[in-house]
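Trainee: mind folding the following:
(chains A and B)
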Amino acid sequence: MRWSKAFIPTLRDDPADAEAVSHKLLVRGGYIRQLMSGVYSVLPLGQRVRERVMAIIREEIDAIGGQEFLLPQLHPSSIWEQTGRAETMADIIMSFKDNKGAKIILGPTHEEIFATAATELTSYKQLPQLWYHIQTKFRDEARPKSGLLRVREFTMKDSYTFDMDFAGLDIQFDRHFDAYMRIFHRLGMEAVAVRASSGAMGGKESVEFMVRSEVGEDDVAACTSCDYAANLETATSRLDPIDDSGYGGELERFATPGVRTIDDLARFDGGVQPDRQIKTLVYVLDGELTLILLRGDHTLQEQKLQDATQSIELHAAQAEEIHTLLGADPGSLGAVGVEEVRVLTDVALQDRRGMTTGANENDFHVRCVDIERDISVGEWVDIRMVEEGEACPECGEPLEVYPAIEVGHIFKLGTFYAEKLGLSVLDENGQKTPIVMGSYGIGVERSMAASIEANHDDRGIVWPVDVAPYHVVITVVRTDDERSREVSTSLYDELTAGGVDVLLDDRDERPGVKFTDAELIGIPLRITVGPRGLDAGVVEFTERQTGDQREVAIADAAPEVLRFLGRTT
RNA sequence: CGGGCUGUAGCGCAGCUUGGUUAGCGCGCAGCGUUUGGGACGCUGAGGUCGUCAGUUCAAAUCUGACCAGCCCGACCA
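Mentor: Got it, this is the predicted structure:
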């Protein structure tokens, strides 16, 4: 492609509405333009990268036996109602009525539709299967952000596996795991696999692939020593035991005027340190008011709470609801003596004695609380948010917590969809048996953006060779120089004929503009052709990533490019 | 959904407090000329329903109200 004919609208200034580096560079580099919140037009350069990302994914999924489909974006809402997800995913589903009045859902994911296709599987002899497609998804995210990192319309590679049993599922799951690690590596990212919450997917086990980044929206707790890593939504840690000996005694109510917070009580004369307090929260879980007990210095992890209770909708209770339930306001709440209310207690409070908590009367607390003795615990659950520096649950070394971008997520779904949608095969004995499913997703545009977050410098994008929109840019320093035109054109022709994607910068611009643009859009190799070099019979190679420059004899240029690209000559 | 901020030319911005005639600046864009190894310079020129609607006023980019859109923080979210 000749740059003079290409539509590559680069910008000098950062777009005013961009914050994330990948967003700024994608817009400035002429890769994308925003159409509306969370919806982007992909320009020619962006489309080339997108195609390369999809090609890499396709290669790796084909390599583990994937068969490519293309399932629709328009789904009848009835199928979503059968699995119950029309309701559980209602807040992100985009839908409309067709001209006959039928409700159509714009697919946010394709478990239901692949499962529908899989109803034609009838025999164990047909299993296992690995099906996938690369298709547009629609999700009405409440708050799209950061350019391509969080959008409402995007492309996803989603695969689905169908097996006789969980052992088969495990094999397909592991194959996907390995394929995903290869894919992200080829996309220029070092992904970390973490244990995750499977949320509304209806699954039992899931692994997320995370790329460490300041603009990431998830938090990962990772061991500094062993390979333990988990999304903060599921992470656990080992706590130092607290010695409660010497804290026995009878319950004692005492006045705490003005004390409303854990810290207040820690500073109060006659109060105690946060780890000797019980924090009492009131949540509404699927409509039921529930007490949540945590150690005073601990924080609730809402996703862990949701997973532990299998609740669909939860939120903190309103002040009035709390007062009606317990007769006091937040700051003076406790579970001592509370009956007939569901109480969920974090496991960090197990066996604790000599604790202090609110008395359910404003300005009063209770001390010498023995959890087992004085509180109707209800259920013990792990719902505490892990903090940086706590001990790894597996090896005891410190955990670190960092933000990361979720670029992929794989799920062991089990038989949820089989049961809802009637997926079954006959086994060797002629017995009807439900099909065991897995699902596996990679966000294509998000991966593009994440790759930029991981591969850029202050001049622009630094694409890995495999995903760059062009491998090489030939920068013609003087377009009015006859020799420069001849050499650059013949090199362009030779490389193009050899299967190299070349951008020939033949624009009538000053050299500085061309160099800056080439670096901004991130082409891995620049070949500078100008009178200065041609006098010595050479062109100049500049590697985007390292900045290394070297002179190459004109005749050696093409083979040198192939060597750079890792192709043998 | 709560909080904050912003809508003026393709991009980035000023002007609004204190209403007043042809609404400015930089970049970019077109033509001509000079230039040409790290975002050149001169001259000429094109390009704007000032987010939308309503109101106040002799007069609204500017004041008032409603609405719409976008960004950021939070909530929410495979």
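
Trainee: quick one, strands of the stretch 51-200 of chain A?
Mentor: Ranges of strands in the stretch 51-200 of chain A, per DSSP state E, counting those that start in this stretch, are A:67-68, A:74-76, A:94-97, A:103-106, A:129-138, A:153-163, A:192-195.

Trainee: what about the strands in the stretch 201-350 of chain A?
Mentor: Secondary structure of the stretch 201-350 of chain A by DSSP E, counting those that start in this stretch: the strands cover A:205-212, A:218-223, A:229-231, A:252-255, A:278-285, A:288-295, A:314-316, A:342-346.

Trainee: pairing partners for the last one, with directions?
Mentor: Applying DSSP bridges, strand A:342-346 is found paired with strand A:288-295 (parallel), strand A:379-381 (parallel).

Trainee: helix or strand right after that strand?
Mentor: strand A:355-358 (DSSP states H and E).

Trainee: if we look at that following strand, which residues are touching it?
Mentor: For strand A:355-358, the surrounding residues in contact (C-beta atoms under 8 Å, 6 or more residues apart in numbering) are A:265, A:271-272, A:276-278, A:280, A:328, A:331-336, A:349, A:364-371. All C-beta spots, glycine's among them, are computed from the backbone N, C-alpha and C.

Trainee: could you do stretch A:317-332 as well?
Mentor: A:256, A:259-261, A:264, A:282-284, A:289, A:333, A:338, A:341, A:358-365.

Trainee: pull out the buried positions in it.
Mentor: A:317, A:322, A:323, A:325, A:326, A:328, A:329, A:330, A:331, A:332 (16 or more other C-beta atoms under 10 Å).

Trainee: make TSV out of these and add pLDDT and distance to RNA strand B.
Mentor: Below are the buried residues of stretch A:317-332 laid out as TSV (pLDDT from 0 to 100; distance: C-beta to the nearest atom of the strand, whole Å):
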residue	pLDDT	distance to RNA strand B
A:317	85	13
A:322	87	17
A:323	87	21
A:325	89	20
A:326	90	22
A:328	88	24
A:329	87	20
A:330	86	16
A:331	87	20
A:332	89	24
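
Trainee: element containing residue A:550?
Mentor: Per DSSP H and E: strand A:549-553 holds residue A:550.

Trainee: just checking, which helix or strand succeeds that strand along the chain?
Mentor: Next along from strand A:549-553, by DSSP H and E: helix A:557-564.

Trainee: so what's the gap between that next one and the chain middle?
Mentor: Distance of helix A:557-564 from the chain centroid (C-alpha atoms, centre = their mean, to the nearest Å) equals 37 Å.

Trainee: repeat for stretch A:361-380
Mentor: With C-alpha atoms, centre = their mean, you get 39 Å for stretch A:361-380.

Trainee: now the end-to-end length of that stretch.
Mentor: End-to-end distance of stretch A:361-380: 25 Å, with C-alpha to C-alpha, to the nearest Å as the criterion.

Trainee: for stretch A:461-469, same thing?
Mentor: 11 Å.

Trainee: cool, stretch A:93-100 as well?
Mentor: 20 Å.
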